[in-house]
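Enquirer: Next input, structure requested:
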Amino acid sequence: METLVIVLIVISVILVILILLRIAFVRWKKSASRVMDDGDVMETAMGKLHYKLSGKGPVLFFMHGGPGGIDQAILIDSMIELGYSILSVSRPGYLRTPFVPLSYEEQVDHYVELLDKLEIDKVVPMGYSAGGPLALNFANKYPERTHALIMEAGVSTEYNMPSGAPDSIWMKLFQSKGIQDFLSWLTVIFVRIAFKMTFKSIIRLETSLDKESIKKFTDLVSNDKERREWIMSFMDTTVPMSLRKLGLNHDIDLLFSIENIPVDNISAKALLIYSRDDNDVKWLNAEYLESNLKDFELMETHGGHFMWVGEDMDKIKNKRIEFLKSINFAKFIEI
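Expert: Numbers count the residues shown, from 1 in each chain. A predicted model of the protein is given here:
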């Protein structure tokens, strides 16, 4: 009889825990999905396009990484206080932009129609990671709409997945079916309650740093509030996965199809920020642009694909600001 009572108590406790987990998960997903209410949707000849425009001044056109969406532009929100506008769009299959298998060239045509409807003449395309090909295609196909170009760890040439990625927990998260949002939730929880361990697992994949350098980088970020908050904010812009998975899959297909992105028609001044330690967007992407762009500044940084929170964090911010101040924005439409 006592054994039966113990079994019933254990079962009851497990059921209560499962119910509480279910409630917490549903609440998190509802909160995380509020990003779908952010921004606006423009009807264009090529379909709907989810976008967000904030600030007043010259327009910085932020092209997000993968996974991502309009919300990822929060990573450069500080530029609004400096007198710039930020325009961001969700690529096909991300958030409220319906999935249509558009090429890079077709996507930038889509962007130009958006700019026309918003009465924006020129922008500064900013390519981050998987957003790099879009920034380059935009600047190359529409040089008359381009003030300047910024590439920060942006893909520019043949892409190779990081070694170890296919078997990583992160790839399992991206490829999972049915429980992808539950895994997204667990990831967000782990980032908050076990930050150091989680971040270390990320940079092991995203950098080519040795063991000692990884430890040093992990300690730097873990012990600094601003850097930790940057990482947690970034992770929030990659979930829930169900709202971004079609877009991520399309990004991957396009990335693997790249040979070289044409840049011969780019006349605007460019700022290139890359790291030799990057195991995702490797240094050859910087070398390709260095060899083929006419007017550029190349800044080499430390820390791999998370260089934005590495030891050069402030240098990257200051260089971006310094570069933009060097651009003549004599003619722009104030919004």
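
Enquirer: Show me where this protein dips below the pLDDT cut-off.
Expert: 1, 4-5, 7-10, 13, 18, 162-178, 331-335 (pLDDT under 70).

Enquirer: For it, which residue occupies the most central location?
Expert: Gly65 (2.9 Å; Cα atoms, centre = their mean).

Enquirer: What's the separation between the residue nearest to that residue when sequence neighbours are not counted and Thr3?
Expert: Spatial nearest neighbour of Gly65, excluding adjacent residues (Cβ to Cβ, 6 or more residues apart in numbering): Ser129 at 3.4 Å. Where you see a C-beta, it was placed from the backbone N, CA and C, and this is true even at glycine. Taking Cβ to Cβ, to the nearest Å as the measure, Ser129 falls 57 Å from Thr3.

Enquirer: out of these two, which sits in the more crowded spot?
Expert: Using other Cβ atoms under 10 Å as the criterion, Ser129 and Thr3 rank with Ser129 on top: 22 against 7.

Enquirer: Now that the more buried one has come up, it's in contact with Pro67, right?
Expert: No - applying Cβ atoms under 8 Å as the test, Ser129 and Pro67 come out as separate, 10.3 Å apart.

Enquirer: Helices along the stretch 51-200 of the chain, start to end?
Expert: 78-81, 104-118, 132-141, 169-175, 180-193, 195-206 (DSSP state H, counting those that start in this stretch).

Enquirer: what separates the longest strand anywhere in the chain from the chain centre, distance-wise?
Expert: Longest strand of the chain, by residue count under DSSP state E: strand 47-54. Mean-position distance between strand 47-54 and its chain equals 16 Å (Cα atoms, centre = their mean, to the nearest Å).

Enquirer: about what we covered before: quick one: which of the helices of the stretch 51-200 of the chain is nearest Ser12?
Expert: Evaluated with Cβ to Cβ, these place helix 180-193 nearest to Ser12, the distance being 22.9 Å.

Enquirer: Can I get the helices of the stretch 51-200 of the chain in TSV including distance to Leu87 and mean neighbour count?
Expert: Output for these, formatted as TSV (distance: least, Cβ to Cβ, whole Å; neighbours: other Cβ atoms under 10 Å):
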stretch	distance to Leu87	mean neighbour count
helix 78-81	11	15
helix 104-118	8	18
helix 132-141	12	26
helix 169-175	27	16
helix 180-193	27	17
helix 195-206	27	18
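
Enquirer: quick one: which of these is nearest Leu15?
Expert: With Cβ to Cβ as the criterion, Leu15 lies closest to helix 180-193 of the helices of the stretch 51-200 of the chain, at 17.8 Å.

Enquirer: how about Ala330, secondary structure?
Expert: coil (DSSP: H, G, I helix; E, B strand; the rest coil).

Enquirer: likewise Asp264?
Expert: Going by three-state DSSP: Asp264 is coil.

Enquirer: if I pick it, what's in contact with it?
Expert: Asn140, Asn292 (Cβ atoms under 8 Å, 6 or more residues apart in numbering).

Enquirer: Many thanks, have a good one.
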